[in-house]
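>>> can you look at this prediction? I've put the sequence above it.
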Amino acid sequence: MRFALFTTNLAGGGAEKALAKIASGLAARGHEVDFIVCEDAGKYPPPAGCRFQALAARAGHGWLGKRRLAWRLNRWLASNPHELLVSTLPFADEVAALAGIPRHVCRIANTLSAEIARLPAAKAQRRAARYRALYGTRRLVAVSQGVANDLRTGFGVDAARVTVIANPFNFAAIRALAAEPCTARPAAPYILHVGRYAAQKRHDLLLAAFAQADLPQQLVLLTPPDARLTALIAQHGLQRRVASANFQANPYPWMAGADMLVLCSDHEGLPNVLIEALACGTRVVSTDCPSGPREILVGELAQGLVPCGDAAALAAAMRAALAAPKPGAGAVAAALAPYAAERALDAWEGLAWSQA
C-alpha cells in the first residue's frame, strides 16, 4: 500500500514527531510512504525509509497561502496515487481539505475544546466554528479516547467517524537511544520537564511547585531558549536551581538519567513524554489534564496524577514520588502495552484497507 502523511513542518512538536514515527514504521513494513510538509523547516530529520516532499521553503499561513499550498498538494498527489492521506495539525488539515483529496483522514492530536477554552470569548467562538466546519463531517483519527470523546461531545462529530489509534512507540529503540552517551546531562541529581515554552505547558505552575517542594534535585528544562521563561525563572528566584538545556533531538538519555519527569500541562492529546519516560524506567508525575495522562497512568501509576493548576498538589506529588520506590516492572509493562508500535501500525493498515 501507499500512504501519504502530511503536516505543517518538522519543527519539533509532539504531533510532528509522532507522525514521523508512523511514517517510518509503515515504511519498515514494506509500504511506500510519502512524507509531505507545507514548509521545509524544522529540527527533526525526515523519517527514515520515506520519500520526503516540501511544498514550499516557507509557507504563507493566510487565506492565499493555504490555497497555494492546497494547489501544490493536489498537483503533487495527482501524480503520486495513494491509498490513504493522513494529515495532522489544523493548518495541514485545512490545506488538505481545500485540496479535496479523496481517502483523506485528519489525525487529531490535541483536546480541541480545552485549547479553545484558553482563548478570549470572541476568538474562542471563531475557533470553535472553524473546527466544526473542518472536522464536523470528516473521517477522523483520535490519538486517545479522551480526544475522541471531546470530538463527539464538543463538536458533534458522529462516533462512527472517529477511530482511536494511539501514537506508536518502539520501546526497544527508545531504550537503545537512552543508553547512548550524553555528556551534556548534569552530574548531580535532577528532575526533568520536556516541552516548548507555551501557555498550555504551564511552566509557571512547574516553577511554583518546584519552589514549594524544596527538593534537593535541580530542575532541567528541555526547551528552546525563551526570554519569557528566563524572566519567569528569575521571578521565582530559581536561577541557581533551574537549567534550560534547549531542544534535544534525542531526549531519552536525559529521561533515563532523571530522578523524575514532570508533566504539568492544562491540556494534551496523548502526551508522548509520559510513555517515553516510563519506557526509560523513570518515575512520572502529571496533571490529570484532558486528555491522555489518565489513560496512560493506570493502576499504581495513577498515584502520580494531580489536579490541573494546583501548585501545592503538584509539589506534594513530586515529594511523594521521590520518596516512594519506583513502580514495579509489571505495572509499567501493563501501562505501556497499549502503546506498542505494532498495535498502532496494524490499525493504520486496517484503516487504509477500509478506505481503498
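Received it, and whenever you're ready, just let me know what you need.
>>> helix/strand/coil for residue 110?
Following DSSP: H, G, I helix; E, B strand; the rest coil, residue 110 is assigned to coil.
>>> would you map the strands across the stretch 201-350 of the chain?
Taking DSSP state E, counting those that start in this stretch, the strands of the stretch 201-350 of the chain run over residues 218-222, 242-244, 260-263, 283-287, 305-306.
>>> and those strands: which comes nearest residue 332?
Of all the strands of the stretch 201-350 of the chain, it is strand 283-287 that lies closest to residue 332, at 9.9 Å by C-beta to C-beta. C-betas here are computed from N, CA, C, even on glycine.
>>> how about residue 76, nearest residue that isn't a chain neighbour?
residue 53 (6.3 Å; C-beta to C-beta, 6 or more residues apart in numbering).
>>> confirm that that neighbour sits in a strand.
Yes. In this structure, residue 53 lies within a strand as judged by three-state DSSP.
>>> low-confidence ranges in this structure?
12, 356 (pLDDT under 70).
>>> so in it, which strand runs the longest?
For the chain, the longest strand by residue count, based on DSSP state E, is strand 32-39.
>>> distance between it and the chain's centre?
18 Å (C-alpha atoms, centre = their mean, to the nearest Å).
>>> tell me the helices and strands packed up against it.
Here strand 32-39 touches strand 2-7, helix 14-28, strand 51-56, helix 63-78, helix 90-99, going by 3 or more C-beta pairs under 8 Å, 6 or more residues apart in numbering; DSSP states H and E.
>>> just those: most buried one?
strand 2-7 (a mean of 25; mean count of other C-beta atoms under 10 Å).
>>> so residue 306 sits against residue 317, correct?
Yes. Residue 306 is in contact with residue 317 according to C-beta atoms under 8 Å; the separation is 4.7 Å.
>>> just to revisit the earlier point, can you list the strands that the longest strand of the chain pairs with?
strand 2-7 (parallel), strand 51-56 (parallel) (DSSP bridges).
>>> tell me which of these lies nearest to residue 97.
Ranking those by proximity to residue 97 (C-beta to C-beta) places strand 2-7 first, at 11.1 Å.
>>> identify the residues contacting that closest one?
Residues from elsewhere that reach strand 2-7 (C-beta atoms under 8 Å, 6 or more residues apart in numbering): 15-16, 19, 22-23, 26, 31-38, 50, 73, 77, 80-89, 92, 95-96, 348, 352.
>>> quick one: the helices in the stretch 201-350 of the chain, in order.
203-213, 227-235, 252-257, 272-279, 293-296, 311-323, 329-336, 341-355 (DSSP state H, counting those that start in this stretch).
>>> deepest of the ones you listed, which one?
Among the helices of the stretch 201-350 of the chain, highest average neighbours (mean count of other C-beta under 10 Å) belong to helix 272-279, with a mean of 25.
>>> from what I can see residue 201 touches residue 221, true?
No. Between residue 201 and residue 221 there is no contact under C-beta under 8 Å: 9.9 Å.
>>> any residues in contact with both of residue 306 and residue 317?
residue 285.
>>> now the longest strand of the chain and helix 90-99, what's the angle there?
Going by axes from the mean of the first three to the mean of the last three C-alpha atoms, to 10 degrees, strand 32-39 is angled at 110 degrees with respect to helix 90-99.
>>> what about dumping the CA coordinates of strand 32-39 to PDB?
As requested, the backbone C-alpha atoms of strand 32-39 are provided in PDB (Å, rounded to 0.1, in the frame of the first residue of the first chain):
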ATOM      1  CA  GLU A  32       5.500   3.100   0.100                       C
ATOM      2  CA  VAL A  33       5.300   6.200   2.300                       C
ATOM      3  CA  ASP A  34       5.400   9.800   1.100                       C
ATOM      4  CA  PHE A  35       6.000  12.300   4.000                       C
ATOM      5  CA  ILE A  36       4.900  15.700   2.900                       C
ATOM      6  CA  VAL A  37       5.200  19.100   4.700                       C
ATOM      7  CA  CYS A  38       3.900  22.500   4.000                       C
ATOM      8  CA  GLU A  39       7.300  24.100   4.500                       C
END
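>>> ok, back up a step: distance to residue 332 added to the strands paired with strand 32-39, as TSV?
Listed next are the strands paired with strand 32-39 as TSV, based on distance: least, C-beta to C-beta, whole Å:
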stretch	distance to residue 332
strand 2-7	30
strand 51-56	35
